[in-house]
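Visitor: After the sequence you'll find the predicted model.
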Amino acid sequence: MTATNGRRHRWALAGLTIAVVAIGFDITILNVALPTIATDLTADTSALQWMVNAYVLLFAGLLLPFGALTDRYGRRRGLLLGLAVFAAASVAAAWADTTTQVIAARAGLGVGAALIMPTTLASLTALFTGADRARAVSVLVSGMGVGIPLGPIIGGYLIEHFWWGTIFLINLPIVAVAAITVAVFLPESRDPNPPRPDPAGAVLSTVGLVAFVYAVIEAPEQGWTAPTVIAALIAAATLLTTFTWWELHNPQPLIDLRLFRDRQFRWGSITATLASFALFGLLFVAPQHLQFVLGFDALDTGLRLLPLIVGLVTGAGIATRLTTRTGHRAPIVAGLVVTTVGLLIGALTNAASSYGFIATWYAIVGLGIGAILAPAMDAVLAVMPPERSGAGIAITMTMRQTGGALGVALLGSLLSATYRDRIDTTGLPASAVDAATHSIAGTMAVANRLALPALADAADRAYVDAMIYVLIACAAVAALGAAAAMLFMPDRVGDGATESVGVDSTAGTG
């Protein structure tokens, strides 16, 4: 690589990183604005939930076909289109004056995100190899993590000083900088011999994944045995099974499922999914603990999540240096062990625990998750044929998104069930019992309305008890992942090792 190309590629990496920061923003920034939007647009709870969920549904459902399409038509072109869609949807959301318009705009943001995510990671295969690629993946993973806590921090500031639409307009300067940098410095890359389009595979995967994610989103609210949830799960299982059969029998499939024959790809994808399960589960319970138990507002809550993200960035950097010396398995196993330890320390939390103690175990968990994600994603990229890297990385990103959604659903159900079991509503009026047992937010509302400080204290204890169960469950998943990775993940595989999946590894750039 010449010095000039090295500088151009570093600038291209900066553009890719800025693009994924915008994605991180939109995962969390809306949450701080929901009460204001509910008041201004007279939105009910169902509408607010769909403002959040429309983004997740489209994001997860479109990753696979969009990853394959960008391999065919060009990753830079796909990324710039995704940034344009993201910007347009942000403008539409900012000036929406009905709940339906906000939901539609959030769906548009999900479409843009589904174009952006696979193309950013896949583009790294055209820019870097070996240790340089591992470092680039670490930077990109850190960018994804940094956007998550910045969402409520910046969103809280904007809501306090401007109108709620500014939480979407903040995307515009970020997207503009990313688009200009990508357009100038990122070389185009695509598959020089793309397979025939696979519309059947695209439809089966998209509808099947949307049905599955819909089911796991609705299950905590409706119950896992609700007819709608069961119907969605049956539809998802049928469609995704059919999709798998079709892809394995189609001579030119949408995605090459033979990639899973490679142990490094398989276990890199699985461990990245386990990390996402733990991260999204923690991000589900931690903000509520900070807000309702410790009494911080939305802005302060975002700030107090920073130790988690500092740990993530630090862990990604340390793991990247280890990867170049030891291969991918050692830092991934170490990261899963550190994550397990951090979560178990977190399980010692009680209602009187100081924020200093909480920040410490946040940082440890973040350190572990960062140490998993960076080498796991690099392990996946290392064995993928570069010309099909968009479709290949889309598989892993889809697993991560659905794993995160499933984590929130399963852990949310565990949290709710434990909280309902632990909260003491003795002496409450019958009309208040349902609201008080539904969630800690409902309990606090009842306690404030009826001036019952003892009920608020009971809610604090019940929520911490429920959170401990969630942390132990996450720790168990991480520990099992560590054991599995130690047993089954290869110690070190050569860069671009694709023999086991039987595909050519030549790349085309244009």
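Guide: Sure, I can see it. Residues are numbered from 1 along each chain as shown.
Visitor: hang on, Thr42 in a helix?
Guide: No - read with DSSP: H, G, I helix; E, B strand; the rest coil, Thr42 is coil and lies in no helix.
Visitor: Who are the contact partners of the residue lying closest to it once chain neighbours are set aside?
Guide: Of all residues not flanking Thr42 in the chain, Thr99 sits nearest, at 8.0 Å (Cβ to Cβ, 6 or more residues apart in numbering). Yep, even glycine has a C-beta here, placed from its N, CA and C like the rest. Listed by Cβ atoms under 8 Å, 6 or more residues apart in numbering, the contact partners of Thr99 are 41-43, 47, 51.
Visitor: the strands in the stretch 401-510 of the chain, which residues?
Guide: Using DSSP state E, counting those that start in this stretch, the strands of the stretch 401-510 of the chain run over 508-509.
Visitor: following the helix or strand hosting Pro287, which helix or strand comes up?
Guide: Following DSSP states H and E, the helix or strand that holds Pro287 is helix 263-288. Later in the chain than helix 263-288, the nearest helix or strand by DSSP H and E is helix 298-304.
Visitor: could you say what helices and strands that next one packs with?
Guide: Using 3 or more Cβ pairs under 8 Å, 6 or more residues apart in numbering; DSSP states H and E, the elements in contact with helix 298-304 are helix 130-161, helix 355-383.
Visitor: repeat that for 6 Å
Guide: If you count contacts as 3 or more Cβ pairs under 6 Å, 6 or more residues apart in numbering; DSSP states H and E, helix 298-304 packs onto helix 130-161.
Visitor: I'd like the distance between the residue nearest to Thr42 and Leu274.
Guide: Distance from Thr99 to Leu274, counting by Cβ to Cβ, to the nearest Å: 36 Å.
Visitor: How about Ala478?
Guide: Taken as Cβ to Cβ, the span from Ala478 to Leu274 is 6 Å.
Visitor: And Val139, by the same measure?
Guide: With Cβ to Cβ as the criterion, Val139 and Leu274 are 22 Å apart.
Visitor: State the mean pLDDT of stretch 27-47.
Guide: Stretch 27-47 shows a mean pLDDT of 75.
Visitor: what comes into contact with that stretch?
Guide: Defining contact as Cβ atoms under 6 Å, 6 or more residues apart in numbering, one finds that stretch 27-47 is touched by 48, 99, 148, 151-152, 155-156, 159, 164, 167, 298.
Visitor: May I ask which of those residues has the most neighbours?
Guide: Highest neighbour count within these: Ile167, with 29 neighbours (other Cβ atoms under 10 Å).
Visitor: contacting residues around that residue?
Guide: 29, 33, 155, 158.
Visitor: rewinding a little: and which of the contacts of stretch 27-47 is nearest Ala458?
Guide: Closest approach to Ala458 among the contacts of stretch 27-47 (Cβ to Cβ): Ala298, at 24.2 Å.
Visitor: Assess the claim that the closest one and Gly155 are in contact.
Guide: No - the criterion here is Cβ atoms under 6 Å, and Ala298 misses it with Gly155 at 7.3 Å.
Visitor: Return the longest helix in the chain, judged by number of residues.
Guide: helix 453-488 (DSSP state H).
Visitor: And it, how far out from the chain middle?
Guide: 19 Å (Cα atoms, centre = their mean, to the nearest Å).
Visitor: Taking helix 355-383 as reference, get the angle to that helix.
Guide: 30 degrees (axes from the mean of the first three to the mean of the last three Cα atoms, to 10 degrees).
Visitor: Quick check: Pro267 vs Met489, distance?
Guide: One thing to correct before we go on: residue 267 is Trp, not Pro. Distance from Trp267 to Met489, by Cβ to Cβ: 4 Å.
Visitor: And Leu127, by the same measure?
Guide: Going from Leu127 to Met489 by Cβ to Cβ gives 26 Å.
Visitor: so what's the residue positioned nearest the centre of the chain closest to, chain neighbours aside?
Guide: The residue lying closest to the centre of the chain (Cα atoms, centre = their mean) is Gln401, at 5.3 Å. Of all residues not flanking Gln401 in the chain, Ala60 sits nearest, at 4.2 Å (Cβ to Cβ, 6+ apart).
Visitor: just Leu121 next, same as before
Guide: Ile393 (4.6 Å).
Visitor: buried sites along the one helix or strand the one you found maps to?
Guide: Using DSSP H and E, the element containing Ile393 is helix 389-422. Under the neighbour-count criterion of 16 or more other Cβ atoms under 10 Å, helix 389-422 has 389-416, 418-419, 422 buried.
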